[in-house]
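Undergrad: need coordinates for the below:
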Amino acid sequence: MNKKEYLNELEEHLKNYSFDDDAIDDIIEEYDMMIDEANEEMTDEPLEDLLGSPKEIAKNLRTTEAFKHAKDNKIVALSPFLSAIIFFVLGFGFDLWHPGWLVFLLIPITGIFSVKHHKVKTYVISMIPFISLLIFLSIGLITDVWHPTWTVFLLIPASSIFAGDNERSLLNGALFIIIPVIYLLSYYFFPFQFNWMILLLLIFPAYDGDVFTFTINGVRNQRLERISVLVLFALAVIYGVFGSLYGIWHPLWIIFLLFPVYVMIISKRHFKETIPLVAFMPFVSIILFILAGELFNGYYWSWLFFLLIPVVAILHD
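TA: Just a heads-up that it's a prediction; the model follows:
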């Protein structure tokens, strides 16, 4: 087969193995270059003998080593230490231990921007969780209104839905705006204890809008998607029930930090990825920091938990 046929067949098999669009683009680009290099060497070997069959290539990428986009970026490696320095300056210099700890969000943010994507919307969708968290904390800390401010986190799945390129995505995205608006109107004008259950209607546009996708390094796993949905749904129910009953919307929101930890754990288990322990520490440190700060009024000393990040990084090396 010629180059075009080979690449088209490889792309088709990659889609069958549920690689995302960015991963497919990168793989096709890589093999396009490899074919061109082979042609320059004037080899007469068929492409399948030279590079392997497209089906086997896709299968091996899917089942062996997870396809990695991350570049060798020194800023990513240094981000825990840079964040710690900024945090100490804010804390010791301006007594801003809280909310100065937000600088540690630079660690996952630099990781996002170190990944090569072809589409701007991929970066935007990746940044929405951090933007939502900043809005949530800013309003909560300034006005002490944590509920129903937490609905800002619905921007995360909504942005994913609107990223679709068809009319159905627009419809589901519209529902993801209308239903929270109905909930907020109910909360302020027709309040009752469990009116947050209105938001359970979001399950339908979320499911139909293909929000519940679980992708690790460009590879989807539908079984993990279903499990992850149940985990996230359980966390949301816990947050809604205990928040309504006891008014502990803050600091109870930190239970959602368990979700990225869960994602990394199953990523390591099912995709055989090498995830350093230090990757978990920003989430663990934030949870310990806020718990100690709220329960023991210890924001002035609980910043010590953030030292776990560089300490674990040093010990791991």
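
Undergrad: make it CA atoms for all contacts and neighbour counts henceforth
TA: Fine.

Undergrad: for the stretch 151-300 of the chain, what spans make up the strands?
TA: 215-216, 219-220 (DSSP state E, counting those that start in this stretch).

Undergrad: low pLDDT regions in the stretch 151-300 of the chain?
TA: 163-166, 209-223, 225-226, 267-276 (pLDDT under 70).

Undergrad: apply 80 and report the result again.
TA: 156-169, 192-196, 203-204, 206-230, 232-233, 244, 260, 263-279, 282, 298-300 (pLDDT under 80).

Undergrad: quick check: mean pLDDT across stretch 86-94?
TA: Mean pLDDT, computed over stretch 86-94, is 84.

Undergrad: so which bits of the helix or strand containing residue 83 are buried?
TA: Assigned by DSSP states H and E, residue 83 belongs to helix 74-88. When burial is assessed from 16 or more other Cα atoms under 10 Å, helix 74-88 yields the following buried residues: 76, 79-84, 87-88.

Undergrad: and what of stretch 24-31?
TA: By neighbour count on 16+ other Cα under 10 Å, the buried set for stretch 24-31 is 24, 26-28, 31.

Undergrad: centre of the chain to it, how far?
TA: Per Cα atoms, centre = their mean, to the nearest Å, the displacement of stretch 24-31 from the mean C-alpha position of its chain is 23 Å.

Undergrad: let me see the mean pLDDT of it.
TA: Model confidence over stretch 24-31, given as mean pLDDT, is 81.

Undergrad: rewinding a little: may I ask which two of the buried residues of helix 74-88 are separated the most?
TA: The largest separation in those, counting by Cα to Cα, is between 76 and 88 at 19.2 Å.

Undergrad: how close does the residue nearest in space to the middle of the chain sit to residue 156?
TA: When the chain is reduced to its mean C-alpha position, the closest residue under Cα atoms, centre = their mean turns out to be residue 126, at 6.2 Å. Noted for residue 126: a distance of 9 Å to residue 156, by Cα to Cα, to the nearest Å.

Undergrad: ok, now residue 102?
TA: Noted for residue 102: a distance of 19 Å to residue 156, by Cα to Cα.

Undergrad: how about the helix holding residue 83 as CSV, C-alpha atoms only?
TA: Provided in CSV are the C-alpha atoms of helix 74-88 (Å, rounded to 0.1, in the frame of the first residue of the first chain):
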residue,chain,number,x,y,z
LYS,A,74,12.3,21.8,33.2
ILE,A,75,9.7,24.3,34.3
VAL,A,76,7.3,21.4,35.1
ALA,A,77,10.0,19.7,37.2
LEU,A,78,10.7,22.9,39.0
SER,A,79,7.1,23.9,39.5
PRO,A,80,6.8,22.4,43.0
PHE,A,81,9.9,24.3,44.2
LEU,A,82,8.8,27.6,42.5
SER,A,83,5.4,27.3,44.0
ALA,A,84,6.8,26.7,47.5
ILE,A,85,9.1,29.8,47.2
ILE,A,86,6.2,32.0,46.1
PHE,A,87,4.0,30.5,48.9
PHE,A,88,6.6,31.3,51.6
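
Undergrad: columns distance to residue 280 on top of the buried residues of stretch 24-31, output as TSV?
TA: Formatted as TSV, the entries for these read as follows, by distance: Cα to Cα, whole Å:
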residue	distance to residue 280
24	28
26	28
27	29
28	32
31	34
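
Undergrad: any idea which of those is the one closest to residue 194?
TA: Distance to residue 194 across the buried residues of stretch 24-31 (Cα to Cα) is lowest for residue 24, with 44.4 Å.

Undergrad: next one: that closest one from residue 160, what distance?
TA: 19 Å.

Undergrad: repeat for residue 167
TA: Going from residue 167 to residue 160 by Cα to Cα gives 14 Å.

Undergrad: which other residues reach the helix holding residue 83?
TA: Residues outside helix 74-88 that contact it (Cα atoms under 8 Å, 6 or more residues apart in numbering): 97, 100-101, 103-104, 106-107, 110-111, 114, 306-307, 309-310.

Undergrad: out of the residues you listed, list just those in helices.
TA: Residues of those located in helices (DSSP state H): 97, 100, 106-107, 110-111, 309-310.

Undergrad: I'd like the distance between residue 291 and residue 250.
TA: Separation of residue 291 from residue 250 (Cα to Cα): 10 Å.

Undergrad: oh, I was asking about residue 30
TA: 47 Å.

Undergrad: and residue 83, by the same measure?
TA: Separation of residue 83 from residue 250 (Cα to Cα): 24 Å.
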